[in-house]
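1. here's my sequence, what's the structure:
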Amino acid sequence: MRTHVSSVGLLIHGDPALSFSYPEHIERASLDALPSQPGVYLFRDEAGVAIYVGKSVNVRGRVLSHLRTPDESQMLQRTRRVDFERCGGELGALLRESRLIKQLQPVFNQKLRRLREMCSWRLDGGAPQLVFARDCDFAATEGLHGLYGSRASAQQALRELADAHGLCAGVLGLEPLARGRPCFARQLGRCGGACVGVEVAQHAARVSAALLPWRVAPWPYAGPVGIVEESDGLRQVQLVDRWCYLGPRPAGRKRAPPRAAAQFDIDVYQILAKPLLRGGLTLELLSEPLGDRLPRCCE
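-> Numbering: from 1, shown residues only. A predicted model of the protein is given here:
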């Protein structure tokens, strides 16, 4: 017996000995056409509406695992066919899945959307200041730390960081300070004393060090780049600019879409930041690297 988590977050206790048969109400031809390569897939209802979007490095195997999962029966009962799009690799599938979920908002997916309130902590020598994407170009701004969907979630994250590192919530602006009086954490012995003039310089250094793992990397190029992936004869160049996914480059086309269309996307950043900046990708450089933002692969 094998225990795993289903695609919609359910804990499944499976028995591999159970027999399997294709659901009769799902178009068999659409299932037979599924490839064993990377891509995205869409479960569609009787009206052709996408009710679930997923991705896998093996589309056929992943879809068949859905069909074998009793706890996904509600989704399966509404499904009439499964469509797919092949991708050149796993990153392309991740990027395409994110875009399709935002566009289609399928009922069985966790909703993804552009965050109108997206904000971040900006550290520029003093206490962190909360800045919002509507006022600040997150793709180009230095000193940003953390990405949040609301002021409340950003403050909660900073409060937890303060608790974990013995930082002063008063100095961080998370609680009001009366002149000459310690913050609440100081009264409990959990603050180093920046609120009462102790370790002021050291506190600033500790804030900077604590925030470092949250650093948001600015886009390291003057314009778009192409991320090259290839799988079983399919070669794709995924165009990305300013942490925004522009889509696969059409065959024979050398230029990316106009840069004005590129807006910072938190999901694209989370998918690409680590592999791009650590130099693990094959790139087509459509624009020049920007100095100290240069990824290691290009140094």
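
2. need phi/psi at residue 130.
-> In terms of degrees, to the nearest 10, the main-chain angles of residue 130 are phi -80, psi 130.

3. show me what contacts it?
-> Contacts for residue 130 (CB atoms under 8 Å, 6 or more residues apart in numbering) come out as 119-122, 151, 154-155. All C-beta atoms are positioned from the backbone trio N, CA, C, and that covers glycine.

4. ChimeraX command for the buried members of the residues you listed?
-> ChimeraX command restricting these to the buried ones, with burial defined by 16 or more other CB atoms under 10 Å:
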select :119,120,121,122,154,155
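
5. closest to residue 169 out of the contacts of residue 130?
-> residue 155 (9.9 Å; CB to CB).

6. now name the helix or strand holding residue 245.
-> According to DSSP states H and E, residue 245 maps onto strand 244-248.

7. for the record, mean pLDDT for that strand?
-> Throughout strand 244-248, pLDDT has a mean value of 94.

8. extract the C-alpha set from it and format it as CSV.
-> What follows is strand 244-248, C-alpha atoms only, in CSV (Å, rounded to 0.1, in the frame of the first residue of the first chain):
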residue,chain,number,x,y,z
CYS,A,244,7.3,38.1,-16.5
TYR,A,245,6.6,35.2,-18.8
LEU,A,246,6.0,36.3,-22.4
GLY,A,247,5.3,32.8,-23.8
PRO,A,248,7.2,30.6,-26.2
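
9. which parts of the stretch 1-150 of the chain are helices?
-> For the stretch 1-150 of the chain, the helices defined by DSSP state H, counting those that start in this stretch cover 28-32, 59-67, 73-78, 90-104.

10. in the chain, what helix or strand scores lowest on average pLDDT?
-> Within the chain, no helix or strand scores below strand 11-14, which has a mean of 51 by mean pLDDT, DSSP states H and E.

11. wait, isn't residue 217 in contact with residue 270?
-> No - in this structure residue 217 lies outside contact range of residue 270 using CB atoms under 8 Å: 11.6 Å.

12. looking at these two, which one has more neighbours?
-> For residue 217 versus residue 270, neighbours defined as other CB atoms under 10 Å are more numerous around residue 217 (16 against 13).

13. quick check on that one: phi, psi?
-> Here is the backbone geometry of residue 217 (degrees, to the nearest 10): phi -80, psi 130.

14. which SSE is residue 170 in?
-> Here residue 170 is assigned to no helix or strand, by DSSP H and E.

15. buried ones in stretch 197-209?
-> Applying 16+ other CB under 10 Å to stretch 197-209 flags 199, 203-204, 206-207 as buried.

16. and it, average pLDDT?
-> 85.

17. list the contacts of it.
-> Contacting residues not belonging to stretch 197-209 are listed as 123, 125-128, 165-168, 171-172, 192-194 [CB under 8 Å, 6+ apart].

18. ranking those residues by neighbours, who comes first?
-> That'd be residue 168 among these, by other CB under 10 Å, with 30 neighbours.

19. which one of the buried residues of stretch 197-209 is nearest residue 100?
-> residue 207 (39.6 Å).

20. may I have the phi/psi pair for the closest one?
-> Torsion angles, degrees, to the nearest 10, at residue 207: phi -60, psi -50.

21. quick one: residues contacting residue 157.
-> Residues in contact with residue 157, defined by CB under 8 Å, 6+ apart, are 146, 148.
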